[in-house]
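Colleague: Fold the following.
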Amino acid sequence: MSVQPRLILLHKQKTSGRVRFLCFSAGIVAFSPLPALAALRDEDYSPKIQFHPTAAVREAEIHLGLPEGAIEPEAEFSAWVDTPQGDVPVLLAAFTDLDPPFAAAERTNSRFIAITESRQLSELERNLLRRAYEHVLG
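Modeller: Down below sits the predicted model:
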């Protein structure tokens, strides 16, 4: 099984609790879109393979031009997407600064969106955002 984990990146404002997701030109999963035939697995699905998020988080920091430690993994979150190439894990990570890294988003033709601004995304991505949002808010 050759799967590349995907990452959802978010920023949670420490003072207000406002949650925004980094949205790329191709969607909310970093750094390559999920295939058209992808389907979100049931939340109870738990494969034997687990992915540690450190490598994906560091890759995101490098891709966005951020220093090490600018993004931290959100523990205990994982979602699995069924694709024609096999199951793909989707991990969650948060920016650590007080404010979202707007300059990094601009450099990568990305933008931060609230969950209420996700109508243009696919149903799969909206469901991934819902799971991530519920996880972050507890």
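Colleague: Any regions of this protein where pLDDT drops low?
Modeller: When residues are selected by pLDDT under 70, those of the chain lie in 1-3, 46, 48.
Colleague: Please enumerate the helices of it.
Modeller: 54-64, 102-107, 123-137 (DSSP state H).
Colleague: closest to residue 34 out of those?
Modeller: Within the helices of the chain, the stretch nearest residue 34 is helix 123-137; the backing value is 6.5 Å (Cβ to Cβ). C-betas here are computed from N, CA, C, even on glycine.
Colleague: so where do the strands sit in this structure?
Modeller: 6-12, 19-23, 29-30, 39-40, 71-73, 79-83, 86-95, 111-113 (DSSP state E).
Colleague: Tell me the strands beside the first one, with direction?
Modeller: Within its sheet, and counting by DSSP bridges, strand 6-12 is paired with strand 19-23 (antiparallel), strand 29-30 (antiparallel), strand 86-95 (parallel).
Colleague: Can you list the buried residues in it?
Modeller: 6, 7, 8, 9, 10, 11 (16 or more other Cβ atoms under 10 Å).
Colleague: So what sits opposite the last one in the bridge?
Modeller: On the basis of DSSP bridges, residue 11 is bridged to residue 20.
Colleague: hang on, the earlier thing: among the strands paired with strand 6-12, pick out the one with the most neighbours on average.
Modeller: Across the strands paired with strand 6-12, the average number of neighbours (mean count of other Cβ atoms under 10 Å) peaks for strand 29-30, which reaches a mean of 24.
Colleague: quick one: contacts for residue 63?
Modeller: Residues near residue 63 by Cβ atoms under 8 Å, 6 or more residues apart in numbering: 30, 31, 108.
Colleague: TSV for those, including distance to residue 119?
Modeller: Formatted as TSV, the contacts of residue 63 follow (distance: Cβ to Cβ, whole Å):
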residue	distance to residue 119
30	20
31	23
108	22
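Colleague: I'd guessed residue 71 sits against residue 95; true?
Modeller: Yes: counting by Cβ atoms under 8 Å, residue 71 does reach residue 95; the two are 5.8 Å apart.
Colleague: shared neighbours, these two?
Modeller: Overlap of the contact sets of residue 71 and residue 95 (by Cβ under 8 Å, 6+ apart) consists of residue 9.
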